[in-house]
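Trainee: Build the 3D model from these lines:
(2 chains)
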Amino acid sequence: MDVQTHRGNLVMNTATMAYRNLLKTIHNPDRMMDVIIQPIMFMLMFGYLFGGAIAGNVKNYLPTIVPGILIQTMLSASSGSGSQIREDLDSGVYDRFKSLPMAHIAPLAGQLFADILRLTIAATTSLTTGYIMGWRPAAGLGGIIVSGLLAIFIGWAMSWIFALLGMLAKSATTVESFSLMIMLTLSFLSNAFIPIHTLSKTMQVIAYMNPVTYVIIAIRQILATGHWTNEAFLVLMFGIMIVVVFAPLTVWAYNRNN
Amino acid sequence: MMTMKNAIEVSHLTKKFNDKIAVNDVSFNVKQGEVFGLLGPNGAGKTTTLRMITTLLKSSSGTVKIFGHDTASEGKLARSMFGLTGQYASVDEDISARENLMIFSRLNGLSRIASKKRTEELLEEFSLVNSADKSLKNFSGGMRRRLDLAVSLITRPVLIFLDEPTTGLDPRTRTQMWETIRNLVKQGSTIVLTTQYLDEADQLADRVAVIDHGKLIKIGTPQELKQQIGGTSLSFTVNDLEQINSVTKLVTDKLGAKVSVAGQRLSTNLSDIDQLSNLLSSFRQNKIMINDLTVQEPSLDDVFMNLTVGKN
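Mentor: I've put the predicted structure just below:
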């Protein structure tokens, strides 16, 4: 079989698998909870509950909280990838995929392709909710789009880690609870919801060890200045590194499952 | 028409899970156009064998050839030649029957237009048109199996694997499933099915391989397997208890077979069904009245019990 047909096959199969994931989502709107309802809810609750206490009023708190919720939502959306993959691997339908003369990496590729869509929906929902609450970043629409794309990319990079987790875990429930733990720890032990200088020294050290903190710093900078900063560049590199390290690991684990 | 070419050649297939041997040196051929049954109790290794043949599971040793293509080195080519229906419905629960057929058609390499056409054909063929757009969650077990089989037949494979196609189905749906399978045979398909139901193997299979504890115990037509454990059994009740000894003697003389007596009931084996009319006419001559006469072919159940006796 020549390489060209093989590659064409892979692209087509991946598109079909992504379409399948999309259909599953349409038939089960509750799958969209974490990318639509959750960011709206968190944005409203955090904004109106803590705005006064942390920043004096809601409007002043928005530049802090919007990037925070945005990244938290990315983490939560990308963690869905793992449980989805585990669910698929455990179901009879997966045997069928394996018995088909298709590119055998397509189910995994389709999942990660569909993740981009989920992440885009999640990012759009978070940013739009912030905007409705009165958030007007200095960088304007261009800055909002760039920071949104950066967030989506970081979320997508995280999807590979969660996908690996899904492959190694025993059941979808294990993946879900483990992912929730990671998501909560990473988003709360950072600068997502609070200015870091309000923390005790020890807590500051922990928050600065958390990569999420740097992602949020970079996104806030883009939104405040409208410029692509060094921090943003480092975060982008960090995302690329995650993909470079975890994509082969995930593919390896996937092949091992076969 | 039917040629003698082998559809499948399995040789010395073995699967070890850690130190437990699930399938032990199994070899058999499946001829083109035949229905081949893998028969055995739960956990005998039927499904493991099938999963290895269909490339879902790597074997520990041994080879499988599908239409001459080694599944280990030419997996993709081999996979394009068969359809598989697993033990558990291998269709997507969350999407509709039509969407399932569309997606699997596309994954099988059909174009969008061809996929649409094939989907409609299969929905029609498997009487799923009315529920084509309903969620599978509302499907009955029988509908699910039908869809599952329909998905396996998208590419009109000449070789079809069915893993316990009727397990868990009610008798009516089971009969429908048998009918569907017979239709496939009429169209010239080669079918390999696993089953734990002996009557199913008897009804459908041209040849049966009996598997137990991972080993192939016996292989042959259902007829051959049945003959193995002796001929047709005959039993009847003698009306007059006082005649029992003379009747026993008469039957022994006539048939030359061993006769067992329990109260007024006699049972023995017939080597030939023609012996029966001779026997009955000699009863009439000797004024012997009998009733409750039964003549029974051995069932595959008997064969199975006989072959696996004492091993479980």
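
Trainee: what about the spatially closest residue to B:Lys226 that is not a sequence neighbour, how many residues close to it?
Mentor: In space, and not counting its chain neighbours, B:Lys226 is closest to B:Pro298: 4.7 Å by Cβ to Cβ, 6 or more residues apart in numbering or on different chains. Bear in mind the C-beta positions are built from the backbone N, C-alpha and C, glycine included. When neighbours are defined as other Cβ atoms under 10 Å in any protein chain shown, B:Pro298 has 18 of them.

Trainee: Checking B:Glu9 next. Helix, strand or coil?
Mentor: What DSSP: H, G, I helix; E, B strand; the rest coil gives for B:Glu9 is strand.

Trainee: For my notes, confirm the residue nearest to B:Lys226 occurs in a helix.
Mentor: No: membership of B:Pro298 in a helix is not supported by three-state DSSP, which gives coil.

Trainee: Contact partners for residue 172?
Mentor: With no chain named, the answer covers chain A. By Cβ atoms under 8 Å, 6 or more residues apart in numbering or on different chains, the residues touching A:Ala172 are A:83-84, A:86-87, A:90, A:166.

Trainee: my bad, chain B
Mentor: By Cβ under 8 Å, 6+ apart, the contact set of B:Arg172 is empty.

Trainee: Show me what from chain A comes close to chain B.
Mentor: Taking Cβ under 8 Å from any Cβ of the partner chain as the measure of proximity, chain A contacts chain B at A:1, A:9, A:12-13, A:16-17, A:19-20, A:23-24, A:27-28, A:91-102, A:106.

Trainee: can you pull out the helices in the stretch 151-300 of chain B?
Mentor: Using DSSP state H, counting those that start in this stretch, the helices of the stretch 151-300 of chain B run over B:171-186, B:198-204, B:222-228, B:244-255, B:275-285, B:300-308.

Trainee: What lies in contact with the lowest-mean-pLDDT helix or strand in chain B?
Mentor: Of all helical and strand segments in chain B, the minimum by mean pLDDT, DSSP states H and E falls on helix B:300-308, at a mean of 71. Residues from elsewhere that reach helix B:300-308 (Cβ under 8 Å, 6+ apart): B:39, B:41, B:198-199, B:201-202, B:208, B:210, B:212, B:217-218, B:222, B:225-226, B:228-229.

Trainee: Would you tell me which helix is longest in chain A?
Mentor: helix A:58-90 (DSSP state H).

Trainee: Which neighbouring elements make contact with that one?
Mentor: Counting contacts by 3 or more Cβ pairs under 8 Å, 6 or more residues apart in numbering or on different chains; DSSP states H and E, helix A:58-90 is packed against helix A:37-55, helix A:106-132, helix A:140-168, helix A:172-188, helix A:211-225.

Trainee: List the buried residues for the shortest one?
Mentor: Residues A:212-223 are the ones in helix A:211-225 that count as buried (16 or more other Cβ atoms under 10 Å in any protein chain shown).

Trainee: now swap in the third one and tell me
Mentor: Buried residues in helix A:140-168, counted by 16+ other Cβ under 10 Å: A:143-144, A:146-148, A:150-168.

Trainee: got it, and stretch B:269-277?
Mentor: B:269-270, B:275.

Trainee: Excluding sequence neighbours, find me the nearest residue to A:Gly130.
Mentor: Leaving aside its sequence neighbours, A:Gly130 sits nearest to A:Val66 (Cβ to Cβ, 6+ apart; 3.8 Å).

Trainee: got the contact list for that neighbour?
Mentor: A:43, A:126-127, A:130, A:135, A:137, A:223.

Trainee: Then A:Leu186?
Mentor: A:Leu186 makes contact with A:75, A:210-212, according to Cβ under 8 Å, 6+ apart.

Trainee: what's the residue lying closest to B:Ala201 once chain neighbours are set aside sitting at in phi/psi?
Mentor: Among residues not flanking B:Ala201 along the chain, B:Gly37 sits closest, at 4.0 Å (Cβ to Cβ, 6+ apart). Note on B:Gly37: its backbone torsions stand at phi -100, psi 130 [degrees, to the nearest 10].

Trainee: Run through the residues that contact A:Leu70.
Mentor: Contacts of A:Leu70 by Cβ under 8 Å, 6+ apart are A:39, A:123, A:126-127, A:130, A:147-148, A:151, A:219.

Trainee: how about the strand or helix carrying A:Pro248: buried residues?
Mentor: Using DSSP states H and E, A:Pro248 maps to helix A:230-257. Going by neighbour count (16+ other Cβ under 10 Å), the buried part of helix A:230-257 is A:231-232, A:235-236, A:239, A:242-243, A:246-247, A:250-251, A:253-254.

Trainee: what is the rounded mean pLDDT of it?
Mentor: For helix A:230-257, mean pLDDT is 92.

Trainee: hmm, back to that, output the helices and strands packed on helix A:58-90 in TSV; the columns should cover mean pLDDT.
Mentor: Shown next, in TSV, are the helices and strands packed on helix A:58-90 (pLDDT from 0 to 100):
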stretch	mean pLDDT
helix A:37-55	93
helix A:106-132	93
helix A:140-168	94
helix A:172-188	90
helix A:211-225	94
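
Trainee: contacting residues for the most centrally placed residue in chain B?
Mentor: The centroid of chain B falls nearest to B:Ala201 when counting by Cα atoms, centre = their mean (2.8 Å). Neighbouring residues of B:Ala201 by Cβ under 8 Å, 6+ apart: B:37, B:39, B:195, B:208, B:222, B:300.

Trainee: circling back: now list the buried members of the contacts of A:Ala172.
Mentor: Using 16+ other Cβ under 10 Å, the buried ones in those are A:83-84, A:86-87, A:166.

Trainee: Next, give me the two most distant ones among those.
Mentor: Greatest spatial distance in the buried ones among the contacts of A:Ala172: A:Glu87 and A:Gly166, 8.4 Å, computed using Cβ to Cβ.

Trainee: Torsion angles phi and psi at the residue of the stretch 101-250 of chain A found nearest chain B?
Mentor: Closest to chain B within the stretch 101-250 of chain A is A:Pro101: 3.9 Å, counting by Cβ to the nearest Cβ. As for A:Pro101, its main-chain torsions (degrees, to the nearest 10) stand at phi -80, psi 50.

Trainee: which ones are touching it?
Mentor: Contact analysis of A:Pro101 by Cβ under 8 Å, 6+ apart lists B:76-77, B:79-80, B:108-109.

Trainee: tell me which parts of the stretch 101-250 of chain B are close to chain A?
Mentor: The stretch 101-250 of chain B comes close to chain A at residues B:103-104, B:106-109, B:135, B:151, as judged by Cβ under 8 Å from any Cβ.

Trainee: Can you say which of those are buried?
Mentor: B:103-104, B:106-109, B:151.

Trainee: Can I get those in JSON lines including pLDDT and distance to B:Met143?
Mentor: Output for those, formatted as JSON lines (pLDDT from 0 to 100; distance: Cβ to Cβ, whole Å):
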{"residue": "B:Ile103", "pLDDT": "94", "distance to B:Met143": "18"}
{"residue": "B:Phe104", "pLDDT": "93", "distance to B:Met143": "16"}
{"residue": "B:Arg106", "pLDDT": "92", "distance to B:Met143": "22"}
{"residue": "B:Leu107", "pLDDT": "90", "distance to B:Met143": "22"}
{"residue": "B:Asn108", "pLDDT": "88", "distance to B:Met143": "22"}
{"residue": "B:Gly109", "pLDDT": "87", "distance to B:Met143": "26"}
{"residue": "B:Val151", "pLDDT": "91", "distance to B:Met143": "13"}
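
Trainee: Now intersect those with the helices, please.
Mentor: Using DSSP H, B:103-104, B:106-107, B:151 are the members of these that sit in helices.
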